[in-house]
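>>> coords below, sequence missing:
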């Protein structure tokens, strides 16, 4: 397997190597040999490996055992898994070292809706007025990947989830939905509530030493206008626009009704490709919900 410096992944190979009558039983992951670099720890969901910047270029080797938690002898029938993880160099994007995803830098200023490109007319019409005015910022090229959320949730105890976002404790049966994997070839996280997205943003703010937030609706508009007008042929522009219409509805930090605790989501109407807004409570999660992040970018 490969992992990027600055990225955390959940490893759970071997969890399915038990008889069918034990597939729903609780798994216990017990670490054996630890890697020479990075952080690693056990959770109820698997082993979390966090590759640090200094691990770039190294082959990390570790092993662990998986067993059934309620077995009389936990070692009986345990499966041993040996893992080798090649750590690729981290991404430096938006001035953030070892970011686990690409950001696109958007200059500040007023972005006029006059003469908006035809492919963005449905987007600009979602905001009242004639322009979007923003401070300089960076926005993730694509939605936050599923692997990032899996690692974040695996770090949280049941009590932490119950206190911060109890909806994460409810298993969801996700329907077969078509979501674009994007240029990064990593599928985006789905079925994420606004509270779960905010929790992840706060955690990443601490890890990357940069304040990260969910985008406001006007930041989506400004980003799309800037990329289409100033860098129409850039791979990041194509990736941003394709993923925006790729099937997700993405949480924003723009309230629908502050008193009701509801927030706006941006995404396409199913089977039409036309962008529209949706409104949900911060605790709600449905199959198509994902999110991006923004970081403040200082001028110059």
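Thanks, I have the structure now. Remember, predicted model here, so these are calculated numbers, not experimental data.
>>> alpha carbons only for contacts and neighbour counts from here, please
OK.
>>> Same question for the stretch of helix or strand residue 3 belongs to: list its buried residues.
Assigned by DSSP states H and E, residue 3 falls within strand 2-4. Neighbour counts using 16 or more other C-alpha atoms under 10 Å place 3-4 of strand 2-4 among the buried residues.
>>> go on, stretch 128-148?
Counting neighbours by 16+ other C-alpha under 10 Å, stretch 128-148 gives 131-132, 134, 136-148 as buried.
>>> ok, now stretch 246-262?
Result for stretch 246-262 [16+ other C-alpha under 10 Å]: buried residues 246-256, 262.
>>> Out of those, which comes closest to residue 77?
Nearest to residue 77 among the buried residues of stretch 246-262: residue 248, at 40.9 Å, using C-alpha to C-alpha.
>>> Tell me the spacing between residue 225 and residue 206.
For residue 225, the distance to residue 206 equals 31 Å [C-alpha to C-alpha, to the nearest Å].
>>> Kindly report the same for residue 93.
Following C-alpha to C-alpha, the distance that separates residue 93 from residue 206 is 17 Å.
>>> Between those two, which is the more surrounded one?
residue 93 (17 against 11; other C-alpha atoms under 10 Å).
>>> how close does the more buried one sit to residue 12?
30 Å.
>>> Could you do residue 211 as well?
31 Å.
>>> try residue 252
Here residue 252 is placed at a distance of 32 Å from residue 12 (C-alpha to C-alpha).
>>> average pLDDT across stretch 148-163?
The pLDDT scores in stretch 148-163 average 89.
>>> what does it contact?
With contacts defined as C-alpha atoms under 8 Å, 6 or more residues apart in numbering, stretch 148-163 is touched by 7-10, 43-46, 48, 167-169, 189, 200.
>>> Need the buried ones from those residues selected in ChimeraX.
Of those, the buried ones can be selected in ChimeraX as follows, counting by 16+ other C-alpha under 10 Å:
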select :7,8,9,10,43,44,45,46,48,167,168,189,200
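>>> Residue 85: which of the contacts of stretch 148-163 is nearest?
Distances from residue 85 to these, taken by C-alpha to C-alpha, are shortest for residue 9, at 10.5 Å.
>>> Break this protein down into its domains, please.
Split into domains by automatic domain parsing, the chain comes to 2-89, 96-296.
>>> Now the terminal residues of the shortest one, how far apart.
For domain 2-89, the separation between the terminal residues is 11 Å (C-alpha to C-alpha).
>>> One more: stretch 83-100?
One end of stretch 83-100 to the other measures 21 Å (C-alpha to C-alpha).
>>> Check stretch 234-253 too.
End-to-end for stretch 234-253, by C-alpha to C-alpha: 27 Å.
>>> check contacts around the residue positioned nearest the centre of the chain.
Nearest residue to the geometric centre of the chain (C-alpha atoms, centre = their mean): residue 144, 2.4 Å. Counting by C-alpha under 8 Å, 6+ apart, residue 144 touches 101, 188-189, 290-293.
>>> Sort out for me which of those residues are in strands.
Using DSSP state E, 290-291 are the members of the contacts of residue 144 that sit in strands.
>>> re earlier: who's more crowded, residue 211 and residue 12?
Neighbours were counted for residue 211 and for residue 12 using other C-alpha under 10 Å; residue 12 has more, 19 against 16.
>>> Tell me the spatial nearest neighbour of the more buried one, not counting adjacent residues.
residue 46 (4.6 Å; C-alpha to C-alpha, 6 or more residues apart in numbering).
>>> can I assume that neighbour is in contact with residue 29?
Yes. Counting by C-alpha atoms under 8 Å, residue 29 is a contact partner of residue 46 at 6.1 Å.
>>> pretty sure residue 127 belongs to a strand, no?
No. Assigned with DSSP: H, G, I helix; E, B strand; the rest coil, residue 127 falls outside any strand and is coil.
>>> Show me what the helix or strand bottoming out on mean pLDDT in the chain is packed up against.
Ranking every helix and strand in the chain by mean pLDDT, DSSP states H and E puts strand 91-93 at the bottom, with a mean of 81. If contacts are counted by 3 or more C-alpha pairs under 8 Å, 6 or more residues apart in numbering; DSSP states H and E, strand 91-93 sits against strand 96-99.
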